[in-house]
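Participant: how would this look folded up:
(one chain, ligands or ions: 1)
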Amino acid sequence: MQLSVQIGKLELKNPVIAASGTFGYGEEFAESFYEIAKLGAVVTKGISLEPRAGNEMPRVIETAAGMINAIGLANVGLHAFVSEKLPFLVKQRAVVIANILGSTVEEYAKVAEGLAPHEGVAAIELNISCPNVSCGGIAFGIDPKAAAGVTGAVRKAFPRTLIVKLSPQAASIPEMARAVESAGADAISLINTIPAMAIDAKARRPVLANVTGGLSGPAVKPIALRMVHEAACAVKIPVVGIGGIMTAEDAIEFMLAGATAVQVGTANFVAPMAAVEIVGGIEKWCRDEKVARVSDLVGALELP
Ligand SMILES: Cc1cc2nc3c(=O)[nH]c(=O)nc-3n(C[C@H](O)[C@H](O)[C@H](O)COP(=O)(O)O)c2cc1C
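Facilitator: A predicted model of the protein is given here:
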């Protein structure tokens with residue numbers, strides 16, 4: 001049975017990827033839990049040109065069916081990523097996808113330029129969809145023209161695989177998907193978190209210092225499935241499905257909806273072994289269902 005899938009120029013040994021912001025730079029997982037090279041790939045925490053401290057605490061809260069975070073893109077910055085974090089990931093033989101962010105098109109392009117000489121960065125995932133920062137990010141994620149502009153600039157700066165991560169806040173997912181495809185994206189990933197809020201009734205205050213944050217986990221899965229299906233119908237490039245994937249069966253549902261690969265996010269906080277267990281679960285599911293190649297599942301949904 002064949003588990004490998006193709007995302008742009010990148011062949012992944014299996015379709016399971018650790019999602020940005022939920023796997024750090026891989027260190028904790030590699031040191032305490034499992035060989036991270038067992039995953040199809042690892043997406044890093046979003047990287048900006050300069051280091052960012054992120055938002056005030058508290059910035060994470062558990063909800064009935066997921067979590068809300070307002071980390072605010074805290075990260076070590078481009079320079080420290082390349083000199084301190086990337087060598088570790090390369091040594092672990094992980095396929096590294098660098099998630100990048102910026103406040104302006106120029107800043108995005110500079111981060112991509114800074115990563116381009118480092119072959120250990122197999123792909124870039126362009127985050128135009130973070131809801132928790134006051135400028136940049138989401139501004140690009142809701143306007144097809146702006147999304148195409150930043151995609152084109154990063155495309156020029158980075159020769160290897162370019163994945164653009166879409167926001168669930170866009171008015172039309174098909175329109176956004178087509179815009180970034182025509183600007184040179186090799187693949188699309190979706191969804192990022194959905195703006196949400198938690199309130200402490202007794203204190204009569206919002207729980208998060210940032211007031212609002214991004215909802216992730218099982219609560220967002222049905223929305224993500226619909227959006228992945230819409231995106232996959234709109235473009236020819238591969239789609240990477242994200243949102244509430246906790247089990248192998250969740251992952252298979254996303255593949256049937258049209259995803260070539262999937263990312264596992266919040267599940268990493270709930271059960272640190274989740275992503276690698278999902279790899280095993282997909283393999284077992286395919287054997288039981290007599291599916292020869294996992295890629296045969298992509299978009300195999302039978303519509304009424
Ligand atoms: C704590 C936390 C931090 C995140 N940081 C980033 C980030 O830096 N860049 C990004 O593109 N997405 C980030 N995300 C979004 C996830 O990568 C993913 O798109 C989202 O959580 C939905 O998937 P899930 O339901 O499996 O968690 C973050 C999510 C969480 C929970």
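Participant: before we move on, which element is Leu87 in?
Facilitator: Let me fix one detail, which is that residue 87 is Pro and not Leu. Using DSSP states H and E, Pro87 falls within helix 86-91.
Participant: export the following helix or strand past that helix as PDB, just CAs?
Facilitator: Next helix or strand after helix 86-91 toward the C-terminus (DSSP H and E): strand 96-100. Written as PDB, here are the backbone C-alpha positions of strand 96-100 (Å, rounded to 0.1, in the frame of the first residue of the first chain):
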ATOM      1  CA  VAL A  96      10.400  21.300   6.900                       C
ATOM      2  CA  ILE A  97       7.700  23.600   5.700                       C
ATOM      3  CA  ALA A  98       8.300  27.100   7.000                       C
ATOM      4  CA  ASN A  99       5.200  29.100   7.800                       C
ATOM      5  CA  ILE A 100       5.800  32.800   7.200                       C
END
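Participant: Does anything pack onto the very next helix or strand once past strand 96-100? Which helices or strands?
Facilitator: Note on strand 96-100: by DSSP H and E, the next helix or strand toward the C-terminus is helix 105-115. Applying 3 or more C-beta pairs under 8 Å, 6 or more residues apart in numbering; DSSP states H and E, one finds that helix 105-115 contacts helix 77-80, strand 96-100, strand 121-127, helix 144-157. From N, CA and C alone the C-beta is placed, and that goes for glycine too.
Participant: quick check: angle from helix 105-115 to strand 121-127?
Facilitator: Here helix 105-115 runs at an angle of 160 degrees relative to strand 121-127 (axes from the mean of the first three to the mean of the last three C-alpha atoms, to 10 degrees).
Participant: circling back to that earlier point, could I get the buried residue list for the helix holding Pro87?
Facilitator: 86, 89 (16 or more other C-beta atoms under 10 Å).
Participant: so which of the helices and strands packed on helix 105-115 comes closest to Gly258?
Facilitator: Gly258 lies closest to strand 121-127 among the helices and strands packed on helix 105-115, at 18.2 Å (C-beta to C-beta).
Participant: Can you name every helix or strand that that closest one contacts?
Facilitator: Applying 3+ C-beta pairs under 8 Å, 6+ apart, we find strand 121-127 packed against strand 41-43, strand 96-100, helix 105-115, helix 144-157, strand 161-165.
Participant: Provide the strand pairings for it, with the direction of each partner.
Facilitator: According to DSSP bridges, strand 121-127 forms sheet pairs with strand 96-100 (parallel), strand 161-165 (parallel).
Participant: could you dump the ones you listed to TSV with distance to the ligand?
Facilitator: Formatted as TSV, the strands paired with strand 121-127 follow (distance: least, C-beta to the nearest ligand atom, whole Å):
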stretch	distance to the ligand
strand 96-100	5
strand 161-165	5
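Participant: Which among those strands is found nearest to Ala248?
Facilitator: strand 96-100 (21.1 Å).
Participant: what residues does that closest one touch?
Facilitator: Contacts with strand 96-100, where a contact means C-beta atoms under 8 Å, 6 or more residues apart in numbering, come from 17, 20-21, 41-48, 81, 86, 89-90, 108, 111-112, 115, 120-127, 154, 161, 163, 165.
Participant: so how many other residues sit close to the residue in the stretch 151-300 of the chain that the ligand sits nearest to?
Facilitator: Nearest to the ligand, among the residues of the stretch 151-300 of the chain, is Gly265, at 2.5 Å (C-beta to the nearest ligand atom). Per other C-beta atoms under 10 Å, the neighbour tally for Gly265 reads 28.
Participant: so it touches Ala19, yeah?
Facilitator: Yes: taking contacts as C-beta atoms under 8 Å, Gly265 lies within contact range of Ala19: 3.5 Å.
Participant: Please list the residues of the stretch 201-304 of the chain that sit near the ligand.
Facilitator: Applying C-beta under 6 Å from any ligand atom, we find that the stretch 201-304 of the chain lies next to the ligand at 216-217, 220, 242-245, 264-266.
Participant: And the pLDDT for the residue of the stretch 151-300 of the chain closest to the ligand?
Facilitator: With respect to pLDDT, Gly265 has a value of 98.
Participant: Now do the contacts for it.
Facilitator: Applying C-beta under 8 Å, 6+ apart, the residues near Gly265 are 18-22, 216-217, 242-243, 245.
Participant: most neighbours, which of the residues you listed?
Facilitator: Gly243 (32 neighbours).
Participant: which residue packs closest to it, ignoring adjacent ones?
Facilitator: Excluding the flanking residues, the one nearest Gly243 by C-beta to C-beta, 6 or more residues apart in numbering is Ala224, at 2.6 Å.
Participant: cool, Lys85 as well?
Facilitator: Spatial nearest neighbour of Lys85, excluding adjacent residues (C-beta to C-beta, 6+ apart): Tyr25 at 4.0 Å.
Participant: looking just at contacts, which helices and strands does the lowest-mean-pLDDT helix or strand in the chain meet?
Facilitator: In the chain, the helix or strand scored least confidently by mean pLDDT, DSSP states H and E is helix 138-141, which has a mean of 80. Packing partners of helix 138-141 (3+ C-beta pairs under 8 Å, 6+ apart): helix 144-157.
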